[in-house]
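Visitor: Give me a 3D structure for the following:
(2 chains)
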There are 2 protein chains.
Amino acid sequence: MASFLVKVLITYRKGILDPQGVAVEKAAHQLGFTSVKNVRVGKYVTMEIEAESREEVEREIKEMAKKFLVNPVIEEYTYEIEELEE
Amino acid sequence: MASFLVKVLITYRKGILDPQGVAVEKAAHQLGFTSVKNVRVGKYVTMEIEAESREEVEREIKEMAKKFLVNPVIEEYTYEIEELEE
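Guide: Coordinates of the predicted model:
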């Protein structure tokens, strides 16, 4: 068994309204950062997974994404897997 | 003027309780993903900034982080800057 660090980035799909992004952009403009645009706020989920192989980790991530981590109607995701030293 | 894509990752500092991470981990375990641990949920903010140089973008990010984007007591952040093709 090995230990893997998984980093998942979850963002709203293009065209989906992102209220948190709108709020951050408004705050930026009000505070004088007027050259900022297209602010989007997504989620950054990190976790450790014990598994036999990188392929097993990949399977688990995809299943978790499908079951509860990502809402495919409005969100998309990417991930990175890194093997941890014991 | 050039256009830059900025990606900011904001995470809770080590030792700070992350209730969303705890909730995701609990959900994972209940759904059978028992080898998952240390789940942390952070924010992934992307934005475009118009600026003369990468250094100017860097200054803006640091100022925004200080002024409203990051709470330094409980959060830390990293960022990446990418110049966009016109």
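
Visitor: what's the burial count for A:Val36?
Guide: Per other C-beta atoms under 10 Å in any protein chain shown, the neighbour tally for A:Val36 reads 22. For the C-beta atoms, the positions are set from N, CA and C on the backbone; glycine is no exception.

Visitor: before we move on, what about A:Leu84?
Guide: 11.

Visitor: so where does the nearest residue to it once chain neighbours are set aside fall, helix or strand?
Guide: With sequence-adjacent residues excluded and distances taken as C-beta to C-beta, 6 or more residues apart in numbering or on different chains, A:Leu84 is closest to A:Ser3, at 4.3 Å. Assigned by DSSP states H and E, A:Ser3 falls within strand A:2-12.

Visitor: Convert the C-alpha atoms of that strand to CSV, please.
Guide: Listed in CSV are the C-alpha atoms of strand A:2-12, where the atom choice follows Å, rounded to 0.1, in the frame of the first residue of the first chain:
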residue,chain,number,x,y,z
ALA,A,2,1.2,3.5,-0.8
SER,A,3,-0.1,6.9,0.2
PHE,A,4,-1.1,9.5,-2.5
LEU,A,5,-1.8,13.2,-2.2
VAL,A,6,-4.7,14.2,-4.4
LYS,A,7,-5.5,17.7,-5.5
VAL,A,8,-8.8,18.3,-7.1
LEU,A,9,-9.8,21.7,-8.7
ILE,A,10,-13.5,22.2,-9.1
THR,A,11,-14.8,25.1,-11.2
TYR,A,12,-18.1,26.2,-12.5
